[in-house]
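> build me a model from this:
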Amino acid sequence: MTTEPTWHYENFEPTGSSIGYRVTRKLDEVQSPFQKIEIFETTDWGNLMLIDGAVMLTTRDNFLYHEMMSHPALFTHRAPKNVVIIGGGDCGTLREVLKHDGVTEAVQCDIDEQVTRMAEKWFPELCDRNDDPRAQLLFDDGIAYMANRAPNSVDLIIVDSTDPVGPAEGLFNKAFYESCFRALREDGILVQQSESPLMLIELIKEMRTEMGKAGFKTFKTLPFPQPCYPTGWWSCTLARKHADQKGGDFEFREADAQAKTFASKYYNAGIHRGALSTPAFVAEALGE
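Predicted structure coming up:
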């Protein structure tokens, strides 16, 4: 007996909008100690992961997010070796980080092991670097991990979190950013997913304010398309521990990006250069 497709909708109150997917069946569900994780099969977007009813990723478009959360920051740092990913339990960002041969250590610290186990089962392509000897998967509190990380021991911190509610709420405040600031080396960079610049610009401003209170000196928000997230337009925000005296805080190793030896679906040097050109209304709102 064939089941007719139905529609799953996520209503997002802060933007007064919703996202819908045509689904054929529920593939899996688990209630972890922290959240409910569900996997659906869709007709056009591959598998769909929900956490507490919110869309996390689809097979079809996750590359946009994972590539932009990792490669711009990695190519902005002059020589990143030690990388920490806070959150990122689906392992897609970890996979992209480990495409950079110069990285010698990549620690992924996500509080919920079940996210990774579901990704391994239903999004195995995202987890194909989990056995890389440079990778370390920890299932622990990312806030506590950063508070206890040795000072001046990290080149790049990627905060690949859910929205600032529930387990992720503590990843968007001065105390957490102070831990990151202390753990970073002098030329270190913090990058965090920063929601939709179209509808949630106040959150981006608040993030930058809290980062500044923690000691970070300069910031850059890079927008990118992300169909599965509210408004379809998302961003990540980079923060540098110290300002470049020459003013080139977010200039990137463009020649290296052009000559990269790994495959990517969205990211390239031209995309990176374009993302550095801040849309006028975003620049005005952020005072750039």
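> what are the buried residues along the helix or strand encompassing Ile37?
Here Ile37 sits within strand 36-42, counting by DSSP states H and E. Going by neighbour count (16 or more other C-beta atoms under 10 Å), the buried part of strand 36-42 is Ile37, Glu38, Ile39, Phe40, Glu41, Thr42. (Each C-beta comes from the backbone N, C-alpha and C, glycine too.)
> for the second one, list the residues it contacts.
Read that as Glu38. Going by C-beta atoms under 8 Å, 6 or more residues apart in numbering, Glu38 touches Lys26, Asp28, Glu29, Met49, Leu50, Ile51.
> can you check the pLDDT for it?
Looking at Glu38, its pLDDT is 98.
> from Glu10, how far out is it?
11 Å (C-beta to C-beta, to the nearest Å).
> between the two, what contacts are shared?
With C-beta under 8 Å, 6+ apart, Glu38 and Glu10 have common neighbours Leu50.
> avg pLDDT for stretch 115-124?
For stretch 115-124, the mean per-residue pLDDT is 98.
> relative to the whole chain's centre, how far out is it?
17 Å (C-alpha atoms, centre = their mean, to the nearest Å).
> same check, this time on stretch 223-239
10 Å.
> ok, now stretch 61-80?
Stretch 61-80 sits 9 Å away from the centroid of its parent chain (C-alpha atoms, centre = their mean).
> strands of this structure, start to end?
With DSSP state E as the criterion, the chain has strands at 6-12, 17-31, 36-42, 47-51, 54-58, 82-87, 105-109, 135-138, 154-160, 184-193, 218-225, 233-240.
> tell me who's in contact with Phe123.
So Phe123 contacts Asn47, Met49, Leu57, Thr59, Asn62, Asp90, Gly92 (C-beta under 8 Å, 6+ apart).
> separation between it and Ile85?
16 Å.
> tell me, how many residues neighbour Arg208?
Arg208 has 20 neighbouring residues, counting by other C-beta atoms under 10 Å.
> next, the contact list for it, please.
Residues in contact with Arg208 (C-beta under 8 Å, 6+ apart) are Phe219, Thr237, Ala239, Leu286.
> bridged to the second one, which residues?
Note on Thr237: beta-bridge partners by DSSP bridges are Gln192, Thr221.
> Ser194 is in contact with that one, correct?
Yes: assessed by C-beta atoms under 8 Å, Thr237 is found in contact with Ser194 at 4.1 Å.
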